[in-house]
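Prediction below, plus the sequence it came from.
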Amino acid sequence: MKRLLSFLLVLAAPLANTVWAAVPTLETVKPVLKEYCFGCHGDQKKKGGLSLEAYRDAKAVQADREMWKEVLRRVRTGEMPPASNPQLPADERDRFTAWIEELLFPVDCSNPDPGRVTIRRLNRVEYNNTIRDLVGVNFSPADDFPADDSGYGFDNIGDALSVSPLLLEKYLSAAEKILDSVAPETHRRIFTCIPREGTTNECSRTIIADFTRRAYRRPVTRQELDRLAALAESARKQGDGFVRSVKIALQAVLVSPHFLFRGEFQPDPDNPKARRPLDDFALAARLSYFLWSTMPDDRLFALAEKKRLRKDLATEVRRMLEDPRSRQFVQNFGGQWLQTRNLDLMLPDAQVFASFDSELRSAMRTETEMYFASLIAEDRSVLDLLAGDYTFVNERLARHYGMAGVQGPEFRKVSLKGTGRSGVLTHASVLTITSNPTRTSPVKRGKWVLENLLAQAPPPPPPTVPPLDETTQAAAGASLRQRMEQHRADPMCSSCHSVMDPIGFSLEHFDGIGAWREKDGTFPVDASGLLPSGEKFAGAEGLTRLILEKRRDQFVRCLAEKALIYALGRGLEYYDRCALDRITERVSRNHYRFSSLIMAVVESVPFQMRRGEGEGQP
């Protein structure tokens, strides 16, 4: 049983929002354990080698934290007790899970811990966008940089963004190329002062100060400016002209850690672990990189200088979401959360999927990006990510979907009523990235739903599990569903597949590149699903209905978790539970509007504040 407890088997039920006046003690929950658990997992049976009866006090529970975390997941999901046994009433289940959660992860929501973000470098997208907005150079120098590592599903995570010697060389080379490429228009943007006799040093200092303030995304100290101005003056003394000498100083800015890294906290020397709000400049940078993947614009800088950003935060978020630069949020957050960035890596077998080509791949990506962008622009419900009855297609994609009456390369909004499709779950982009080169993959599709829609990623399979029989003889003799049912007859396989497979099978009406089908080869498609909890559903519509009716809060909480991770640039900890609860509740209270999700994240304690650890800006 301990092995089984390490696997995540079923869709999680909505998290209880009940706040208990007093967390139940071990003694008060023992009757629940006795009635519903000890029959299989008591001292007598010890099914799977596990006896919950052996935990005599709270200290014993806390000493085996990892095992009880899995108990918490299983009870919360409804897998324990199993469907064949008497089930916990909802109120008892809530009390029991509240007891485990508070015992294992005690948090004080009245005095929340905002956490600490590792000082992190700009990733490649952020670097390119920042250079564009800082210098006005319309090219992408970071495309030649080493690929960014990812963590928690995103490539802007501080702990994953290392700096190699090769990257340092790239930074040096890029800084020179960037400033050498400054053309007349961008030249005027940077060289805002024309030196006259006797004003060379003053003019140089003015240019450097303005550029450095924007590059560092905060006010520049006198000491910093003195060093940079001295660098330019030294270059002039060695024979460089005014423009060249200033560019040397600006190159130094572009390779400075203050530009390349985002620092967000100046510690209190008397208490380096103090919790405090970010200053307005750090908040402006956090906001702009969250929604635009670039540096703050002039308006954000101006509000930060006046210390008015927090007062005008709602107005600024609306403005930023309406700005074309919010497309970066669609591509960078949406593309990584939904994993559609991986579409470029997919290579469907040309013999099996002869219609797949680069034009179709591009159309798939555009559909999902336009759909996500429409939710933001129209401030629609986040539930429409699953339930939306429309999409965007051009002629190529419409033909792939079997839609008539769409001509030309331009994308237009179309209804999905009667097509068996709704939301991103049935987009060809998602269906393609969750398939194998020659066939669909119910396992990958089930895992994608668990991981990206319900925040319940299953663990990797044990190394001893044999692969599915993919021989021609096996494929001819049994359907994929039948072969997978035989495969998961092994308890080692069944533990995960019993939940992933039913979810994946519900999407079997869509082939390996997302086209509708009635048959898988010669076998009729069976898109029904049955979860270990006893819940039945059929097809993509049935799966969507199950999530929206019975897992709605969990889906919203998953989306909030993904958005908060992306916004902060760090993974979430147990003490972030208070913030996630409040974000989820606020989104629900505001009719699930997309803007309410963004505002709830932006106004959350983890986004607005930081806990120090004795380290400040680089």
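Received, thanks.

Check which residues of the lengthiest helix in the chain are buried.
Criterion DSSP state H: the longest helix present in the chain is helix 358-377. Neighbour-count burial for helix 358-377, counted by 16 or more other C-beta atoms under 10 Å, picks out 360-361, 363-376. Every residue, glycine included, has its C-beta placed from N, CA and C.

which residues sit against that helix?
Contacts to helix 358-377, defined as C-beta atoms under 8 Å, 6 or more residues apart in numbering, come from residues 321-322, 326-327, 329-331, 334-335, 338, 340, 343-344, 346, 380, 382, 384-385, 388, 391-394, 396-397, 400, 411, 413, 424, 427-430, 432, 513-514, 594.

Return a PyMOL selection command for the buried portion of these.
Selection of the buried residues among those in PyMOL, burial being defined by 16+ other C-beta under 10 Å:
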select buried, resi 321+326+327+329+330+331+334+335+338+340+343+346+380+382+384+385+388+391+392+393+394+396+397+400+411+424+427+428+429+430+432+513+514+594
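
Just the ones in strands from the contacts of helix 358-377, please.
Judged by DSSP state E, the contacts of helix 358-377 include 391-393, 413 as members of strands.

in the helix or strand containing residue 585, what counts as buried?
Using DSSP states H and E, residue 585 sits in helix 577-589. Neighbour counts using 16+ other C-beta under 10 Å place 577-587 of helix 577-589 among the buried residues.

what's the average pLDDT for it?
Per-residue pLDDT over helix 577-589 has a mean of 96.

how far is it from where the chain is centred?
Relative to its parent chain, helix 577-589 has a centroid offset of 17 Å by C-alpha atoms, centre = their mean, to the nearest Å.

looking just at contacts, which helices and strands does that helix meet?
Packing partners of helix 577-589 (3 or more C-beta pairs under 8 Å, 6 or more residues apart in numbering; DSSP states H and E): helix 552-568, helix 594-602, helix 605-608.

returning to that earlier point: between the buried residues of helix 358-377, which sits nearest residue 551?
Nearest to residue 551, judged by C-beta to C-beta, of the buried residues of helix 358-377 is residue 375 at 19.5 Å.

could the helices and strands packed on helix 577-589 be laid out in JSON lines, adding mean pLDDT and distance to residue 248?
Listed next are the helices and strands packed on helix 577-589 as JSON lines, based on pLDDT from 0 to 100; distance: least, C-beta to C-beta, whole Å:
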{"stretch": "helix 552-568", "mean pLDDT": "97", "distance to residue 248": "36"}
{"stretch": "helix 594-602", "mean pLDDT": "98", "distance to residue 248": "39"}
{"stretch": "helix 605-608", "mean pLDDT": "96", "distance to residue 248": "38"}
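
Can you tell me which of the ones you listed is nearest to residue 263?
Nearest of the helices and strands packed on helix 577-589 (C-beta to C-beta): helix 552-568, 14.3 Å.

The closest one: which residues count as buried?
Under 16+ other C-beta under 10 Å, the buried positions of helix 552-568 are 553-568.

OK, contacts around residue 525?
Listed by C-beta under 8 Å, 6+ apart, the contact set of residue 525 reads 508-509, 517-519.

actually residue 543, not the one I typed
By C-beta under 8 Å, 6+ apart, the contact list for residue 543 reads 425, 449, 503, 506-507, 529, 537.

Got the domain ranges for this protein?
Structural domains assigned to the chain are 2-104, 120-262, 334-461+477-549, following automatic domain parsing.

Pick out the shakiest of those, pLDDT-wise.
domain 2-104 - the lowest mean pLDDT of the domains of the chain, at a mean of 69.

how distant is that one from the center of its chain?
With C-alpha atoms, centre = their mean as the basis, domain 2-104 stands 29 Å off its chain's centre.

now do stretch 109-128
13 Å.

Tell me how many other residues crowd residue 379.
For residue 379, the count of nearby residues is 15 (other C-beta atoms under 10 Å).

Would you list the phi and psi of it?
The phi/psi pair for residue 379 (degrees, to the nearest 10) reads phi 50, psi 50.

do residue 130 as well
Residue 130 adopts backbone torsions of phi -70, psi -40, taken as degrees, to the nearest 10.

tell me the phi and psi of the residue lying closest to it once chain neighbours are set aside?
Among residues not flanking residue 130 along the chain, residue 295 sits closest, at 4.8 Å (C-beta to C-beta, 6 or more residues apart in numbering). Backbone torsions for residue 295, taken as degrees, to the nearest 10, come to phi -70, psi 160.

I'd assumed residue 132 was in contact with residue 295.
No - between residue 295 and residue 132 there is no contact under C-beta atoms under 8 Å: 9.5 Å.

re earlier: quick check: the farthest pair among the ones in strands among the contacts of helix 358-377?
Of all pairs drawn from the ones in strands among the contacts of helix 358-377, the widest gap by C-beta to C-beta lies between 393 and 413 and measures 8.7 Å.

Start and end of stretch 431-443, how far apart?
End-to-end distance for stretch 431-443, by C-alpha to C-alpha, to the nearest Å: 12 Å.

Oh, that last question was meant for stretch 535-544, not what I typed.
Using C-alpha to C-alpha, the two ends of stretch 535-544 sit 13 Å apart.

chain center to that stretch: distance?
Counting by C-alpha atoms, centre = their mean, stretch 535-544 comes out at 25 Å from the chain centroid.

for stretch 590-601, same thing?
16 Å.

what's the answer for stretch 574-592, then?
How far stretch 574-592 lies from its chain's middle: 16 Å, per C-alpha atoms, centre = their mean.

repeat for stretch 128-143
24 Å.

Tell me which residues of it come out buried.
Within stretch 128-143, the residues that count as buried by 16+ other C-beta under 10 Å are 128-137, 141-142.

How about the residue in this protein that sits furthest from its center?
In the chain, residue 197 marks the outermost C-alpha relative to the chain mean, sitting 55.0 Å out by C-alpha atoms, centre = their mean.

Contacts only, for that residue.
If you count contacts by C-beta under 8 Å, 6+ apart, residue 197 has none.

For residue 203, see how far away it is.
Using C-beta to C-beta, to the nearest Å, one obtains 11 Å as the distance from residue 197 to residue 203.

Show me where this protein has its strands.
Using DSSP E, strands in the chain cover 120-121, 261-262, 275-277, 390-393, 412-415, 519-520, 523-524, 528-530, 536-538, 609-611.

Note down every partner strand of the first one and its orientation.
Each strand pairing with strand 120-121, determined using DSSP bridges, is listed with its direction: strand 261-262 (antiparallel).

Also the third one?
Strand pairing for strand 275-277, determined by DSSP bridges: strand 609-611 (antiparallel).
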